[in-house]
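Peer 1: the sequence isn't on hand, but the structure is:
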């Protein structure tokens, strides 16, 4: 026996916007029936009641393009963010942050319900709280992060991270709709319509929102950007060893002056929210969005509002290779006293070192380059323009093993067992083995008498194999890799000088 039951509004064929969040409880019993002839002797019996709780759900807001990881319809794109083992990480997209150029991280979200207003909130969940002892209270809702992991959205100064250097804060900023929201808890604290201090634990279902929370217009798409650009001069994720103290251990065979260091990649997460709870004055979202069954980073704190799934974005710091040298500027050759003044020597004749060489003598020059990304491979190449003098011999680009005394710095990106119910906590660390992030090239030349009095200009360029910044702004980032600096030397060929030795004696007249 089947008995269909239809639940619907009394005055309309379908439930509508005003019904979102309504709860209905209907109970059903089954009992046997008897023909009239069997009565009154037959007695009916019935089952225990079966009750069904029906909650009418509304459509949550969804991220849409240009949000990285989503298409224009709000559907997630195939996972393309890979961990260090090459495995896709669900619910995460990569966003390159290329040195000197703004990271292209614009988030957009909208609700299928035209009556709703939408906001977006993002924050950095993986933060080493010990870096911010004065702000412990504002991080009470977060998991304890990995060692040395800064808050991407803070410009607070950071302590020195040992051999990895002393970075300034990243200082990324929210820009756009709801940019001022300072905490994931958005609801105002109210009791009987009277607003109390933010520390109050009581909030009604009809509570409004804090003063720093704002929504896009009804039916409009909410847009929030995260503004950030890594600049060595600001040390906000990138710094240069450009002082004698920073590269005191540099030698011609291990030139470390001008090396660059990158801080660790950052992961920020967020969700899109609607104002449906406030608009309808009833709980419309997840029953318990902040339960102990969820790790802190997955608790959206929607508190009755409709919310999208939490999604994350990994900010991948990227920088091109640079030439490194020693204190005297001998290898890589720089003009005397100029390596500290050169942010980028490309095309700057002030950086060119003039190297005198006599014919039939042999000169050897070694160029070194280093990439701040430990996983990148660096190649040094002689430029066709201006070319190379006849007889010059190149060793070709060769990898330089990592020096344990000058380790690279990075953070591993491996998902822990049990993820996503176990948070990923990433720590900053030194790395002694890299693929080929340091390289050198040696040039050898013995000029001939025909070269006496001439000067030869020779230029070398450094390129890595990363394509992450191709199409992201840097003109020298290509499909083959990111071309870094160019450095040139001028080989000045000198003639032979003859010197008379001894005394000159006046001879007899002829």
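Peer 2: Arrived safely, thanks for sending. Here the structure is a predicted model, which means the values were calculated and not measured.
Peer 1: could you list the low-pLDDT ranges of the stretch 151-300 of the chain?
Peer 2: 190-202 (pLDDT under 70).
Peer 1: if you could redo that for the chain, that was the one I meant.
Peer 2: 37-43, 135-144, 190-202, 403-407, 431-434, 496-500, 502, 504-510.
Peer 1: and the helices in it, which stretches?
Peer 2: 276-280 (DSSP state H).
Peer 1: name the residue closest to the centre of it, please.
Peer 2: The residue lying closest to the centre of the chain (C-alpha atoms, centre = their mean) is residue 315, at 0.9 Å.
Peer 1: measure that residue to residue 75 for me?
Peer 2: For residue 315, the distance to residue 75 equals 23 Å [C-beta to C-beta, to the nearest Å]. C-beta here means a position set from N, CA and C on the backbone, and glycine is covered the same way.
Peer 1: returning to that earlier point: unless I'm mixing things up, the residue nearest to the centre of the chain is touching residue 263, no?
Peer 2: No. If you go by C-beta atoms under 8 Å, residue 315 and residue 263 don't touch, sitting 10.2 Å apart.
Peer 1: isn't residue 217 right next to residue 117, touching?
Peer 2: Yes. At 6.8 Å, residue 217 and residue 117 qualify as touching, with contact defined as C-beta under 8 Å.
Peer 1: looking at these two, which has the bigger crowd around it?
Peer 2: More crowded of residue 217 and residue 117, by other C-beta atoms under 10 Å: residue 117, with 22 against 10.
Peer 1: ok, longest strand in the chain?
Peer 2: The residue-count maximum for a strand in the chain (DSSP state E) belongs to strand 481-494.
Peer 1: buried stuff in that strand?
Peer 2: Using 16 or more other C-beta atoms under 10 Å as the test for burial, strand 481-494 gives 481-493.
Peer 1: what's opposite the nearest residue to residue 162 once chain neighbours are set aside in the beta bridge?
Peer 2: In space, and not counting its chain neighbours, residue 162 is closest to residue 430: 7.6 Å by C-beta to C-beta, 6 or more residues apart in numbering. Going by DSSP bridges, residue 430 is paired in beta bridges with residue 409.
Peer 1: can you give me the distance of residue 284 to residue 304?
Peer 2: 6 Å.
Peer 1: same check, this time on residue 4
Peer 2: Applying C-beta to C-beta, the value for residue 4 to residue 304 is 32 Å.
Peer 1: who's more crowded, those two?
Peer 2: Neighbour count, other C-beta under 10 Å: between residue 4 and residue 304, residue 304 has more, with 23 against 4.
Peer 1: mind listing what residue 223 touches?
Peer 2: 106-108, 120, 176-177, 216 (C-beta atoms under 8 Å, 6 or more residues apart in numbering).
Peer 1: tell me the one among those residues nearest to residue 311.
Peer 2: Nearest to residue 311, judged by C-beta to C-beta, of these is residue 107 at 8.9 Å.
Peer 1: go ahead and confirm residue 74 touches residue 63.
Peer 2: Yes. Taking contacts as C-beta under 8 Å, residue 74 lies within contact range of residue 63: 6.4 Å.
Peer 1: higher neighbour count, those two?
Peer 2: Legend: neighbour count by other C-beta under 10 Å for residue 74 and residue 63, higher for residue 63 (25 against 18).
Peer 1: wait, what's in contact with the more buried one?
Peer 2: Residue 63 neighbours (C-beta under 8 Å, 6+ apart): 69-70, 74, 107-109, 272, 308, 311.
Peer 1: how about residue 149?
Peer 2: 126-128, 131, 264, 411, 425-428.
Peer 1: can you give me the neighbour number for the residue lying closest to it once chain neighbours are set aside?
Peer 2: Excluding the flanking residues, the one nearest residue 149 by C-beta to C-beta, 6+ apart is residue 128, at 4.7 Å. Neighbour count of residue 128, defined by other C-beta under 10 Å: 20.
Peer 1: from now on call the first residue 56
Peer 2: I'll keep to 56 as the first residue from here, and by that count the last item is residue 183.
Peer 1: is it true that residue 183 touches residue 201?
Peer 2: Yes. Residue 183 is in contact with residue 201 according to C-beta under 8 Å; the separation is 6.3 Å.
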